[in-house]
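Novice: Any chance you could fold what I've pasted below:
(one chain, ligands or ions: 1)
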Amino acid sequence: MTHQEIRHKFLDFFEKRGHKIVPSSSLLPDDPSVLFTTAGMQQFKPYYTGQADAMKDFGSLNTASIQKAMRTSDIDEVGDKSHLTFFEMLGNFSFGGYWKKEAIEYAYEFLTKELKLEIDYVSVFEGEKDIPADEESEKIWKSVAPGIEIKKMGREDNFWGPTGNEGPCGPTSEIFVNGVEVWNLVFNEYYCHPDGKLEKLKTSGVDTGMGLDRLSTVIQNKKNIFETDLLEPILKLAPLELEEKVKRVIADHSRAIAFLISDEVQPSNKEQGYILRRLMRRIITHNFIAKADLTLMHDIFAKIAEIYGQHYPNLNAGLIINIFDSEKEKFEKTLSHGLKELQKLDKIDAQSAFKLYESYGLPYEIIKELGEKKSEKLTREKFDEEFKKHQELSRAGAEKKFGGHGLLLDTGKLRAGNEQELKKATRLHTATHLLHTALRKILGNEVKQVGSDITAERLRFDFTFPRKLTNEEIKKVEDLVNEVIKKDLPVTKEEMPYEEALKTGALSFFKLKYPPKVNVYSVGDFSKELCGGPHVSHTGEIGKFSIKKEEAIGAGIRRIRAIVLEQ
Ligand code: SER
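Specialist: Numbering: from 1, shown residues only. The predicted structure follows:
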């Protein structure tokens, strides 16, 4: 059975049983306490707590999804039989619709009848001090699958959550096939507070997650996760001379890179961008040492887009290749010096490792891998500590820049420190929407936003385009934006479900937020974009728009800087 067939079978099965199929949310969650989406339930957190109404948003209390997820906690294990950084999770969810009996029955029926798999054993929560054992699940398993082996496990293995520092949590029941844990059924009956206190939820909820890679491994009867039709075609393209473990790292990391970029992450030195950079640099270093063919990564990214394109149409191989190549170009300038420096050291501790990172950009994973015996004592925790010290220093610098009065607004693309700055940044924000549409009208739809950053002084807009813009084109874009400003068009906001928003043709290159609702901002009938705001109410408020600079920031990626002036 191919991964495509598994996907369809899963979604069909739950759709037939009254579940609303919900698209995957972005790898970048709304919850600021976590870097990445690590589980399918994350986008549904407000439905478990009653803050949002599933009936209203989905027309059902039950949903199912195939969710993209990223777990950096497993990065050191990548290369073994079953660990990955990026993966997809098949999940069914209920927010007060059904409870343990149905969840267990569905899982059993799907695995044994639909997929014809044989279950080795299941596990249930054995209880702990103040939390009772899950006897209910045990009883249900005994009646659903008489004679099945049931293992009882503690909090470490059979209790989920929360994601971030608080949220829904509860006992779990796990299902094992061919020695692999394939499905995790979570019964959210508590709310976990940041201090660890558990409070009973008003309505209990179900959250299940089944890794598509693991499930494919058992269905396709493979020995490890890298032999399935999801990863083998990628792994096969890695340089032959590399050892198996490194090939696996390349296959896993390139997939993560592709999906991060398609969710608008760019390599940088902080947060998600920093993770992306590390994944890229680890691959670049291995390829550099292996003297691998330059086009090899292009083939790998094209293959990833081919495997996943049907389900993730925003996977743009050209864009991924451009961003990867431009990181490679940057990094290779210092890489060979860095490697020489690494060879010279007799012993590598956290401080010298951080120096190698700071001066030559070598990521922790590479220092650990290539340092071999010399970096034996180096641990990720110690390296991260050094990194944090450095970050604190630079954060102190950033606060000074905003005059110590704190940030009034920092949406990641729009930053302001006081009311006046906020007004100016808001004008620049609406101007950014106009610029985006104007670029597409003048240059064509190959223009795609890949980044945006707005301060009170200027806007910065990054987009895909294969060549330098001519002066005439720049003038045309500028004129078109100013024309729209002059018309003093109204800017309106409409709240609607994500799917509906896409149907209206709204541009959605920024982080996708779904559910419960997305905002679509329209400027007259000139532009329509998914966005969190804020915006001016009429384009006339923007003032005169002026492009100051147009430059390349990577192969196939251009950057425009522009300002607005009072009229
Ligand atoms: N949240 C659980 C997990 O990620 C089940 O979906 O394993």
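
Novice: what about stretch 33-45 and the ligand, touching?
Specialist: Yes: applying Cβ under 6 Å from any ligand atom, one finds stretch 33-45 in contact with the ligand at 39-41. Just so you know, the C-beta spots here come from the backbone N, C-alpha and C atoms, and that holds for glycine as well.

Novice: Send me that stretch as CSV with only the CA atoms.
Specialist: Extracted in CSV, the C-alpha atoms of stretch 33-45 (Å, rounded to 0.1, in the frame of the first residue of the first chain):
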residue,chain,number,x,y,z
SER,A,33,5.6,29.2,23.8
VAL,A,34,6.6,26.5,21.2
LEU,A,35,8.8,26.9,18.2
PHE,A,36,7.1,24.4,16.0
THR,A,37,3.9,22.4,15.6
THR,A,38,4.8,19.1,17.2
ALA,A,39,1.4,17.4,17.2
GLY,A,40,-1.9,17.3,15.4
MET,A,41,-3.9,18.5,18.4
GLN,A,42,-2.1,21.8,18.6
GLN,A,43,-4.3,23.7,16.1
PHE,A,44,-7.3,22.4,18.1
LYS,A,45,-6.2,23.5,21.6
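
Novice: gap between it and the chain center?
Specialist: Put simply, stretch 33-45 sits 9 Å off its chain's centre (Cα atoms, centre = their mean, to the nearest Å).

Novice: ok, back up a step: and of the residues of stretch 33-45 next to the ligand, the nearest to residue 221?
Specialist: Checking the residues of stretch 33-45 next to the ligand against residue 221 with Cβ to Cβ, the nearest one is residue 40 at 25.6 Å.

Novice: and that closest one, how many neighbours does it have?
Specialist: Using other Cβ atoms under 10 Å, residue 40 has 27 other residues around it.

Novice: Per-residue pLDDT of it, please?
Specialist: We have a pLDDT of 96 for residue 40.

Novice: Surely it touches residue 207?
Specialist: Yes: here residue 40 reaches residue 207: they are 7.1 Å apart, a contact under Cβ atoms under 8 Å.

Novice: Quickly list what's touching both of those two.
Specialist: Counting by Cβ atoms under 8 Å, 6 or more residues apart in numbering, the shared contacts of residue 40 and residue 207 are 91, 93.

Novice: Quick check: closest non-adjacent residue to residue 425.
Specialist: Nearest residue to residue 425 in three dimensions, chain neighbours excluded: residue 416, at 4.5 Å (Cβ to Cβ, 6 or more residues apart in numbering).

Novice: tell me which element residue 367 is part of?
Specialist: Assigned by DSSP states H and E, residue 367 belongs to helix 364-371.

Novice: Show the average pLDDT along that helix.
Specialist: Helix 364-371 shows an average pLDDT of 91 in the prediction.

Novice: cool, and stretch 315-325?
Specialist: Averaged across stretch 315-325, pLDDT comes to 93.

Novice: cool, stretch 55-68 as well?
Specialist: Computed over stretch 55-68, the average pLDDT equals 97.

Novice: cool, stretch 214-223 as well?
Specialist: Averaging pLDDT along stretch 214-223 yields 96.

Novice: Could you list the residues of the chain in contact with the ligand?
Specialist: For the chain, the residues in contact with the ligand (Cβ under 6 Å from any ligand atom) are 39-41, 91, 160, 184, 186, 207-209.
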